[in-house]
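**Q** model the structure of this input:
(2 chains)
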There are 2 protein chains.
Amino acid sequence: MSDSTTAEDARYMALALELAEDAKRHGEVPVGAVVVAKGRVVGVGQNRREADADPTGHAEIVALRDACRSAGRWRVDGATLYVTLEPCPMCAGAIVGARVARLVYGASDLKGGAVDSLYQICTDPRLNHRLQVDAGLEAERSASLLRAFFKAARARPRRLQQR
Amino acid sequence: MSDSTTAEDARYMALALELAEDAKRHGEVPVGAVVVAKGRVVGVGQNRREADADPTGHAEIVALRDACRSAGRWRVDGATLYVTLEPCPMCAGAIVGARVARLVYGASDLKGGAVDSLYQICTDPRLNHRLQVDAGLEAERSASLLRAFFKAARARPRRLQQR
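**A** Below you'll find the model as predicted:
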């Protein structure tokens, strides 16, 4: 767990983990996300790629679109996004584009993560926005949820695709 | 213009440019995109970030979601995506995620492009999919459309944000 996370962060990450668990129950890769602004939840998301037949249906994108729809604007300045897994390039780019102020994520994604692992998109000084990143909050719980999901998926007839 | 583009490519890029022109008429950053599979258009998009208050409302994402909605699945294997401007990190990531087979883009985006300029997300061997990229088709027409848009936006009271 990152030293710079608080009890409030833990509460929001617990909500993101609940959303991930719910995604799993619907046969989706278990990732959940929450957008918080001014001390309240303004957007929630879980992976819905299969349900919506949408390649952009990752938890972070679903949560950002939810927050923006409510706010009636395409920016969430000042907001914190909590997500159980390190964002991929698409989601890291969306987080920068939406002007998220802070990202708190759980497990690292060594094969596809674009915040720390393969790229550092959220902190790239060449892009038009950068943000604070706190990694590792509830990393083990998030990672074990994903491991169990993919283990079960491999044991079933091939239908689910890797995230 | 890239040597590896065809008359068919030129026709689809012309359609993408028409979509970009239309976006401009609605006060959106003029970028257009078309998804083509098996010789027909299966998705179209133009920048709708302002209209939809959606940080993910870039032309490429709108076109991919359109194509996937019609197909009822989150992948567009074998498809070509035409877009007037080099994709940003979010869009390049979405293009990889949707398993697009080929990307044809117009103008380079030296400040934010993630296909050739700042990153090479669509051809990164570490990611789970790579694709063919042909750059520079109708680059000057696309770039001049964008230049004119931003020049006019700067002359007006500040309302529009840079893409």
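**Q** pLDDT below threshold where in chain A?
**A** A:1-3, A:157-163 (pLDDT under 70).
**Q** burial of the residue lying closest to residue A:123 once chain neighbours are set aside, as a residue count?
**A** Once flanking residues are discounted, residue A:123 sits nearest to residue A:130: 5.4 Å by CB to CB, 6 or more residues apart in numbering or on different chains. To be clear about C-beta, it is placed using only N, CA and C from the backbone, and glycine gets the same treatment. For residue A:130, the count of nearby residues is 15 (other CB atoms under 10 Å in any protein chain shown).
**Q** pull the one helix or strand residue A:143 maps to out as CSV, backbone CA atoms only.
**A** Using DSSP states H and E, residue A:143 falls within helix A:139-155. Provided in CSV are the C-alpha atoms of helix A:139-155 (Å, rounded to 0.1, in the frame of the first residue of the first chain):
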residue,chain,number,x,y,z
ALA,A,139,-3.1,-4.5,-4.9
GLU,A,140,-3.1,-8.1,-3.6
ARG,A,141,-6.9,-8.3,-3.3
SER,A,142,-7.3,-6.9,-6.8
ALA,A,143,-4.7,-9.2,-8.3
SER,A,144,-6.1,-12.3,-6.7
LEU,A,145,-9.6,-11.5,-8.0
LEU,A,146,-8.1,-11.3,-11.5
ARG,A,147,-6.0,-14.4,-11.1
ALA,A,148,-9.1,-16.4,-10.0
PHE,A,149,-11.1,-15.1,-12.8
PHE,A,150,-8.6,-16.0,-15.5
LYS,A,151,-7.9,-19.4,-14.0
ALA,A,152,-11.7,-20.2,-14.1
ALA,A,153,-11.9,-18.8,-17.6
ARG,A,154,-9.1,-21.0,-18.9
ALA,A,155,-10.9,-24.1,-17.3
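**Q** any buried residues in it, and which?
**A** Within helix A:139-155, the residues scored as buried using 16 or more other CB atoms under 10 Å in any protein chain shown are A:139, A:141, A:142, A:143, A:145, A:146, A:149, A:153.
**Q** please apply the same query to stretch A:31-43.
**A** Using 16+ other CB under 10 Å as the test for burial, stretch A:31-43 gives A:31, A:32, A:33, A:34, A:35, A:36, A:37, A:42, A:43.
**Q** cool, stretch A:114-132 as well?
**A** For stretch A:114-132, a neighbour-count test (16+ other CB under 10 Å) marks A:114, A:115, A:116, A:117, A:118, A:119, A:121, A:122, A:123, A:124, A:127, A:131 as buried.
**Q** can you redo those as TSV with distance to residue A:57 and secondary structure?
**A** Listed next are the buried residues of stretch A:114-132 as TSV, based on distance: CB to CB, whole Å; DSSP: H, G, I helix; E, B strand; the rest coil:
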residue	distance to residue A:57	secondary structure
A:114	17	coil
A:115	19	coil
A:116	23	coil
A:117	22	coil
A:118	21	coil
A:119	21	coil
A:121	19	helix
A:122	21	helix
A:123	25	helix
A:124	25	coil
A:127	24	coil
A:131	23	coil
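**Q** so the lengthiest helix in chain A versus helix A:139-155, what angle?
**A** In chain A, with assignment by DSSP state H, the single longest helix is helix A:7-25. On the basis of axes from the mean of the first three to the mean of the last three CA atoms, to 10 degrees, helix A:7-25 is oriented at 10 degrees to helix A:139-155.
**Q** what helices or strands is helix A:7-25 leaning on?
**A** strand A:32-37, strand A:40-46, helix A:59-71, strand A:80-85, strand A:102-107, helix A:139-155 (3 or more CB pairs under 8 Å, 6 or more residues apart in numbering or on different chains; DSSP states H and E).
**Q** how about a cut-off of 10 Å?
**A** Judged by 3 or more CB pairs under 10 Å, 6 or more residues apart in numbering or on different chains; DSSP states H and E, helix A:7-25 is in contact with strand A:32-37, strand A:40-46, helix A:49-52, helix A:59-71, strand A:80-85, strand A:102-107, helix A:139-155.
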